[in-house]
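In: Predicted model and sequence below, questions to follow.
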Amino acid sequence: MSAQISQKHPTGLYVLFFAEMWERFSYYGMRAILLLFLLDSVRGGMAMNAAEAAAIYGLYTASVYLLTLPGGWLADNILGQKKAIWYGGIVIMLGHIILAVPGGSGLFFLGLTTVAVGTGLLKPNISSIVGELYPEGGARRDAAFSIFYMGINLGSFLGIAIVGYLGERISWHMGFGAAAVGMLLGLVVFRYGSARHLKGMGDVPPARIATAESDAKNGTNKKLGYAFIGALVVLLIVLQSSGVLDMTTAQGLAKGAGVIIVIISASYFLFILFAGGLTRVEQYRVVVLIILFLAIALFWAGYEQAGTSLQIFAERHTQRVIGGWEVPSSWFQNFQPTFVLLFAPVLASLWIYLSSKNLNPSIPVKFAAGLILLGLSFFVMVAASKIAVTGQLASPLFLTFTYFLHTIGELCVSPVGLSSYTKLAPKRYVSQLMGIWFVGASLGNLIAGIFAGGFDEENIMQMPGLFNQVAIITTVFGLILLVFWKPIKGWMGGIS
């Protein structure tokens, strides 16, 4: 079945597949060793405590996705999607080169910031072009995003294996340098492949194909934007000066970033709904996008524990010695991309088959299934952590099964969600709303970092309770989506 599906897809999909694969090699490879580097006090790392390191990790991964919002705006209004991808890839590569140079905390944070800026420019726009390849939408587009998602996870697998090994076993900075090489290969693939197979796609910013009404609103929109930024700055000053937030620490800064993300997301959705010139059908579709945004933020808050609390659990509380050789703890993160590579073709074929029988589950049902599976995975971790609190090392099978449930849930949510945003978003806002999709991931990553910062190194007795919180919250939200799937589907205006 998967071979038959692949024959129906345009060559441009595979250009984007390999370009994204190498970009994800660089991102996930570096991410696999980032928390370990921040915690390390022996081999030239940053020697931070768990709370501070997890907060910085969360800030970085959140910033990567938060910056997709201005990245989408630049593509929609100035650069076009192809140029945004090209320039973003160059900036990412430069950031990894900076990280590869040992030079103290200042240079390190400059490198992190550079990678985040470049990823924000590249990430939403490459997904938008995938959507452009399938103007008819439907299950075929969902299958294409599942194939594209395999590229993401192949890159993740290779990056974690290679960069993780080089960083943990040889040199942190050699690992960062390998990530730069991966991004260079992605640039080469995109430069030459897009010229032949993506002609006429992503060249002209969509906002330049504007209506007279939208042109008339441009001046007002800019004034509203400036006023919003000013109000946001004032709010943060008030929160800091009143003692509600302390943004002089990494943990406080992470919480402040969470406030910013929530306010920006809510304000943007409200602006699109009431001042975006939408029809009533488009407004209902944006309401669906808001629901999916909340669901994906919650999903990633649990899923991204792979690089935070689950990474700490793998490092400190999991049996990792096989035949006298200790498995690098970062390699446990490779269960996720491995399972995606194994099961993405299965689910892509399943959606096509079910669609042919008029049995394809609706988008809210798939999201509900993903959240419930994520919740079940953390009930597994509750059992594992109860072993750890006795002072014993837990079997690696606990993390293996947890990541398996994560992956099946991810395949119900992430490629389907990417496809849904390209289908439901009004055409003139498509890249910006793809940016908002990734802002949901940003919020989830930030919550993941803050949550892991709550792991008290001196008090492992709290682990079962913390994992239990994640399990209950995600399962309940999934069940709520399952109950209300019919009205949500009705708001989608015939899009499936």
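Out: Noted; the coordinates are in hand. Residues are numbered from 1 along each chain as shown.

In: residue ranges for the strands of the chain, please.
Out: Secondary structure of the chain, counting by DSSP state E: strands at 321-322, 325-326.

In: Which of those strands sits closest to Ala32?
Out: Nearest to Ala32 among those is strand 325-326 (16.2 Å), distances taken as Cβ to Cβ. Placement of C-beta: from N, CA and C, glycine included.

In: Distance to Leu79 added to the strands of the chain, as a markdown table?
Out: What follows is the strands of the chain, written out as a markdown table (distance: least, Cβ to Cβ, whole Å):
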| stretch | distance to Leu79 |
| --- | --- |
| strand 321-322 | 49 |
| strand 325-326 | 46 |
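
In: okay if I get these as TSV plus distance to Ile126, mean neighbour count and mean pLDDT?
Out: Output for those, formatted as TSV (distance: least, Cβ to Cβ, whole Å; neighbours: other Cβ atoms under 10 Å; pLDDT from 0 to 100):
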stretch	distance to Ile126	mean neighbour count	mean pLDDT
strand 321-322	38	9	88
strand 325-326	37	9	86
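
In: just so I know, which of the ones you listed lies nearest Thr113?
Out: Taking Cβ to Cβ, strand 325-326 is the member of the strands of the chain nearest to Thr113, at 33.3 Å.

In: hmm, back to that, ok, which of the strands of the chain comes nearest Ile363?
Out: Going through these one by one, with Cβ to Cβ as the measure, strand 321-322 comes closest at 41.5 Å.

In: Number of residues surrounding the spatially closest residue to Phe404 that is not a sequence neighbour?
Out: Nearest residue to Phe404, sequence neighbours excluded (Cβ to Cβ, 6 or more residues apart in numbering): Phe339, at 5.6 Å. For Phe339, the count of nearby residues is 21 (other Cβ atoms under 10 Å).

In: In the stretch 51-200 of the chain, where is pLDDT below threshold?
Out: Judged against pLDDT under 70, the low-scoring parts of the stretch 51-200 of the chain cover residues 136-139, 142.

In: now the helices: where do they sit in it?
Out: Per DSSP state H, counting those that start in this stretch, the stretch 51-200 of the chain carries helices over the ranges 68-74, 81-99, 104-132, 138-165, 172-197.

In: Just send those back as JSON lines, with mean neighbour count too.
Out: What follows is the helices of the stretch 51-200 of the chain, written out as JSON lines (neighbours: other Cβ atoms under 10 Å):
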{"stretch": "helix 68-74", "mean neighbour count": "25"}
{"stretch": "helix 81-99", "mean neighbour count": "23"}
{"stretch": "helix 104-132", "mean neighbour count": "22"}
{"stretch": "helix 138-165", "mean neighbour count": "23"}
{"stretch": "helix 172-197", "mean neighbour count": "20"}
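
In: Present those as CSV; the columns should include distance to Phe37.
Out: Below are the helices of the stretch 51-200 of the chain laid out as CSV (distance: least, Cβ to Cβ, whole Å):
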stretch, distance to Phe37
helix 68-74, 24
helix 81-99, 9
helix 104-132, 9
helix 138-165, 11
helix 172-197, 5
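
In: nearest to Gly324, of the ones you listed?
Out: Closest to Gly324 of these is helix 138-165 (Cβ to Cβ; 17.5 Å).

In: Next, the angle from the closest one to helix 104-132.
Out: Taking axes from the mean of the first three to the mean of the last three Cα atoms, to 10 degrees, one finds helix 138-165 and helix 104-132 inclined to each other by 160 degrees.

In: Can you give me every residue that contacts the closest residue to Pro124 other than its chain neighbours?
Out: Excluding the flanking residues, the one nearest Pro124 by Cβ to Cβ, 6+ apart is Met434, at 3.9 Å. Taking Cβ atoms under 8 Å, 6 or more residues apart in numbering, we find Met434 in contact with 68, 72, 124-125, 127-128, 418, 421-422, 425.

In: which regions of the stretch 351-496 of the chain sit below the pLDDT cut-off?
Out: Using pLDDT under 70, the stretch 351-496 of the chain drops low at 431, 453-459, 496.
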